Every structure is written in structure tokens, then in C-alpha cells.
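Colleague: sharing a model prediction with you, sequence too.
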Amino acid sequence: MGEREKARSYVAFDEFPAARPESPPRHSASLVALTCGIVDTFHSCNPDYDYVRSSAPRRVLTKPEEGVWNSCHDNANFDYICRVNDVIMSP
């Protein structure tokens, strides 16, 4: 590669076209109806289905997620182990 090619082996930032704001993704009405009414959809497939919030798995947001301190509420870094839908309040 010659000196001229080496000098142009990068692209200057101002050579890119200006970014256009992307429009939000559009979803089909059936997808929206399915996801917004997922419990109703399950119930229509199986009338015995009953959603119980307490039995739903809760994704852990804190890493590492193993409880070590504070009655296993904190991890090894002394960070509170937070899960999806946790409500954190001040007493």
C-alpha cells in the first residue's frame, strides 16, 4: 500500500451523511393485540390458565446476582440485588 493509500485508509467523520432520526418501528395490529393481551390469549387457548404474579420469574438486574451479605440481599460487592418489578422505598 502506497503512502497515498495509507493516508486515506480512514474516513473522516465529516464525510458521513448527517444521521436522520429513525421513525419508531411499526408493528402489526395482531402482534400488538397478542402482546398487550397475552393473558387473555393464553386463557382463550386454555380456560384453566390463570396468571399469578407471584409465580412469574423475575429477572435479576444486578451482577453478580448471588446473595452474600445483608441476609443475602446484597452481592459480594455490597450492591443491593435488584430484580425486575422490585419496588424500592424509603421507610
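Modeller: The structure has been received and is ready for your questions. Numbers count the residues shown, from 1 in each chain.

Colleague: where in the protein is pLDDT low?
Modeller: 1-25 (pLDDT under 70).

Colleague: can you show me the strands along the chain?
Modeller: Assigned by DSSP state E, the strands in the chain number zero.

Colleague: D79 touches E65, doesn't it?
Modeller: No - between D79 and E65 there is no contact, the gap being 10.0 Å when judged by Cβ atoms under 8 Å. Quick note: C-beta positions are derived from backbone N, CA and C, even for glycine.

Colleague: C45 and V39: what is the separation?
Modeller: Between C45 and V39 the distance is 11 Å, computed by Cβ to Cβ, to the nearest Å.

Colleague: which of these two has more residues huddled nearby?
Modeller: Using other Cβ atoms under 10 Å, the more surrounded residue of C45 and V39 is V39, with 11 against 8.

Colleague: give the contact list for E65.
Modeller: 75, 81 (Cβ atoms under 8 Å, 6 or more residues apart in numbering).

Colleague: from I88, how far off is it?
Modeller: In this view, E65 and I88 are 17 Å apart by Cβ to Cβ.

Colleague: which stretches of this structure form helices?
Modeller: For the chain, the helices defined by DSSP state H cover 3-7, 29-36, 38-45.

Colleague: helices or strands up against the last one?
Modeller: Put plainly, it is helix 38-45. Of the remaining helices and strands, none touches helix 38-45 by 3 or more Cβ pairs under 8 Å, 6 or more residues apart in numbering; DSSP states H and E.
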